[in-house]
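Asks: using only what follows, build the 3D model:
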Amino acid sequence: MTTDWMAEYERVVRGQRVDELSRPPARQVASPPPLSEAEIRTAEAELGIVFPDQYREYLLRQSAGGAVNRLYRSAAGWGWYGDSSTNYDLLTTDFPHPDSYRAYEDELDAREPLAQDFPDPNAHRAAWEQWDAEYGVLQEHKTSGAVFIQENGCGFSTLLVVTGPHRGSLWFDARATCDQILPLNLGGQPVSFMDWLDRGSTSLVTW
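Replies: Predicted coordinates for the structure are as follows:
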């Protein structure tokens, strides 16, 4: 059966928040206070995930925001304030290592519909829109099981993985320039959340 990729893309992107949480946050004068154990448990239950240990400890002992997007309860529920990129419907799906979709992406690139292959311009447009929607679905699934924990400017972001084998690891979303999502490493090993807070994202990127 042929997939209607435009319909699938519209379904998938509905997982992004479009409410008060997705608006750019006001400039913080001070870091918001830590959350209580009860608040953290409620957020985890609502989001369907368990926060990685160091992030959970940070929320409980230091702050609900500070250097990272603030975990906040809005009228629509728990989420990360100022973040319009995390797909909440995909938070419970395992984060995929880039190796797992590289061949599919290469194959998808190779079959982009070209105008010279379609005598009818309308047929080319329809084929290209389906192809583009399939590519959009892939892009959304690349960050399944991850939170856009920090906006780094110029289209770059830091991801905190919350679901799957890579849970607790941090990745740098560099798709704005090199179309890659890269692991953050320290001494050849995945960086911990607390070490990342101390050192910052770009100094830990493996290009």
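
Asks: quick check: closest non-adjacent residue to residue 20.
Replies: Among residues not flanking residue 20 along the chain, residue 74 sits closest, at 5.0 Å (C-beta to C-beta, 6 or more residues apart in numbering). The C-beta positions use only the backbone N, C-alpha and C, and glycine is treated the same way.

Asks: thought that neighbour was touching residue 19?
Replies: Yes: here residue 74 reaches residue 19: they are 6.3 Å apart, a contact under C-beta atoms under 8 Å.

Asks: returning to what we had before: who does the residue nearest to residue 20 form a beta bridge with?
Replies: In this entry, residue 74 is beta-bridged to residue 77, by DSSP bridges.

Asks: mind listing what it touches?
Replies: By C-beta atoms under 8 Å, 6 or more residues apart in numbering, residue 74 lies in contact with 19, 20, 21, 81.

Asks: I'd like to know which of these are buried.
Replies: 21, 81 (16 or more other C-beta atoms under 10 Å).

Asks: let me know the closest of the contacts of residue 74 to residue 46.
Replies: Nearest to residue 46, judged by C-beta to C-beta, of the contacts of residue 74 is residue 21 at 12.8 Å.

Asks: Three-state assignment for that closest one, please.
Replies: When classified by DSSP: H, G, I helix; E, B strand; the rest coil, residue 21 comes out as helix.

Asks: give me the helices and strands touching the longest helix anywhere in the chain, please.
Replies: Of all segments of type helix in the chain, defined using DSSP state H, the longest is helix 121-141. Where contact means 3 or more C-beta pairs under 8 Å, 6 or more residues apart in numbering; DSSP states H and E, helix 121-141 is packed against helix 5-13, helix 102-110.

Asks: nearest to residue 68, out of those?
Replies: Among the helices and strands packed on helix 121-141, helix 5-13 comes nearest to residue 68, with 23.6 Å by C-beta to C-beta.

Asks: with only the CA atoms kept, save the helix or strand that the closest one is followed by in CSV.
Replies: Using DSSP states H and E, the helix or strand that follows helix 5-13 in sequence is helix 37-47. Taking C-alpha atoms only, helix 37-47 is exported to CSV below (Å, rounded to 0.1, in the frame of the first residue of the first chain):
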residue,chain,number,x,y,z
GLU,A,37,9.8,15.4,44.0
ALA,A,38,6.0,15.4,43.5
GLU,A,39,6.2,17.9,40.6
ILE,A,40,8.9,15.8,38.9
ARG,A,41,6.9,12.6,39.3
THR,A,42,3.8,14.3,37.9
ALA,A,43,5.8,15.6,34.9
GLU,A,44,7.3,12.2,34.2
ALA,A,45,3.9,10.5,34.4
GLU,A,46,2.3,13.1,32.1
LEU,A,47,5.2,13.0,29.5
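
Asks: could you list the buried residues of the helix or strand that helix 37-47 is followed by?
Replies: For helix 37-47, the succeeding helix or strand toward the C-terminus, using DSSP H and E, is helix 53-61. The neighbour-count check on helix 53-61 (16+ other C-beta under 10 Å) flags 54, 55, 56, 58, 59, 60 as buried.
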